[in-house]
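Peer 1: My questions are about this predicted structure, shown below with the sequence.
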Amino acid sequence: MYNDFKNDFISDLAQMDINLNKQQMSKILAVLDGTANKYDILNRNNRIKIMNNNGIPQSVYDYIHCKKSEGLTSETLYIYRIILEIFFHTVNKPPEYIEASDIMDFLRDYQEKNHISNRTLDKYRQYICCYFEFIHDYGYIQRNPAHQVKKIKYEVKPMPVLTEYEVELIREACITRREKAIIEFFLSTACRVSELIKVKKSDINWETDEVILFGKGNKYGTSFITPRCKLSLQNYLKYRDEIEGSEGSEYLFIKERYPYTQLTKRAVENIIDKIMMRITDINKKVSPHTYRRTSSTNAYLRGMNLEDIRGWLRHESVRTTEIYIRNNTEHVHGEHRKYVY
């Protein structure tokens, strides 16, 4: 790569109106050689890319910036950046010198040291491979070593889904109006927790029972509230607005103490955990996402088609929606009872 750069430099210099003798040219090239030894030089549209002071290629941050423009959340971008920084600190090579074996060795060693599952490891593989695909497509490197890195196989465990009885237990375990409203909102809209915390009071159309959700990929979507959810929300808002200082908040779900700010993701998770601690008859790990899976699975069992469920869940592909159903043992059991005797 340096020889190509040096030849281009000599060619460009020759085109300039400068009269240099052989001795002067030799001195210039000697200085050029000495300076070039301090850098890793990579041709990209006639621009030189160098490593940052922290040993991380600038292309990593270019890649993160690109993914940010695609609408990825700050939490996801943070994981992308951390994995790539760990990778380059460990491998200690610039991107153009990375081999497929470097990537595979890193993944193997990282799993051994951190005891992560194959599923998590494959996510990290995707982060690294997508980065190399990006810098190859944009001309940072001439070949993509990640092409030879194969997908890591892992077993997909059945996703926990609540039964109708378990849902009723959770409803009975709710103490505050806010708890009841949050549970009913999850069950009715099948929203993500990141969508729930962003909902504003103005996002609900009380006449049509529609709610606008702003979620993954910075995209808006529409879901719906059931009569039970509608009543729970109205009871919660009526109680909430009677608290001095809280009526001014534009968000639907807020903290119970001054200054009554928007709930955070962690706060919602804590609310769910507190409700589950009051129940002894449910031996499942229940998270906000469990309600999303429960609502979509129950809708499918009652006859809602996959394409409509996909639109309701705001999935890009119906394949993602199918995972919710395919890994549900209750659905398989129901089909078994129907067809096997």
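Peer 2: Right, received. Where do you want to start?
Peer 1: Just the C-alpha atoms of stretch 160-176, please, in CSV.
Peer 2: Extracted C-alpha coordinates of stretch 160-176, given in CSV (Å, rounded to 0.1, in the frame of the first residue of the first chain):
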residue,chain,number,x,y,z
PRO,A,160,-41.9,-17.4,28.4
VAL,A,161,-45.5,-16.6,27.8
LEU,A,162,-48.1,-16.0,30.5
THR,A,163,-51.3,-18.1,30.6
GLU,A,164,-54.6,-16.4,31.1
TYR,A,165,-54.7,-17.5,34.7
GLU,A,166,-51.2,-16.0,35.3
VAL,A,167,-52.3,-12.7,33.7
GLU,A,168,-55.3,-12.6,36.1
LEU,A,169,-52.9,-13.3,39.0
ILE,A,170,-50.8,-10.3,38.0
ARG,A,171,-53.8,-8.1,37.7
GLU,A,172,-54.9,-9.0,41.2
ALA,A,173,-51.4,-8.3,42.5
CYS,A,174,-51.4,-4.7,41.3
ILE,A,175,-51.9,-2.3,44.1
THR,A,176,-51.6,1.2,42.7
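Peer 1: What lies in contact with that stretch?
Peer 2: Applying CB atoms under 8 Å, 6 or more residues apart in numbering, the contact partners of stretch 160-176 are 180, 183, 187, 256, 275-276, 278-279, 281-282, 284-286, 290-291, 293-294, 297-298, 328, 330. All C-beta atoms are positioned from the backbone trio N, CA, C, and that covers glycine.
Peer 1: Pull the contacting residues for residue 255.
Peer 2: 261, 262, 263, 267 are the contacts of residue 255 under CB under 8 Å, 6+ apart.
Peer 1: just these now: which is nearest residue 33?
Peer 2: Taking CB to CB as the measure, residue 33 lies nearest residue 262 of the contacts of residue 255, at 59.0 Å.
Peer 1: What about that closest one, how many residues nearby?
Peer 2: A count of nearby residues for residue 262, using other CB atoms under 10 Å, gives 16.
Peer 1: residue contacts, it?
Peer 2: 197, 198, 249, 251, 253, 254, 255.
Peer 1: Could you do residue 132 as well?
Peer 2: Neighbouring residues of residue 132 by CB under 8 Å, 6+ apart: 95, 98, 103, 141, 144, 145, 146.
Peer 1: just residue 310 next, same as before
Peer 2: 317, 318, 320, 321.
Peer 1: Just the buried residues of the helix or strand harbouring residue 221, please?
Peer 2: Secondary-structure assignment from DSSP states H and E places residue 221 in strand 219-224. Neighbour-count burial for strand 219-224 flags 221, 223 (criterion: 16 or more other CB atoms under 10 Å).
Peer 1: What are the contacting residues of it?
Peer 2: Strand 219-224 has contacts (CB under 8 Å, 6+ apart) with 71, 188-191, 209-215, 312, 314.
Peer 1: For residue 256, see how far away the closest residue to residue 258 other than its chain neighbours is.
Peer 2: Closest residue to residue 258 apart from its sequence neighbours, by CB to CB, 6 or more residues apart in numbering: residue 245 at 5.9 Å. For residue 245, the distance to residue 256 equals 12 Å [CB to CB, to the nearest Å].
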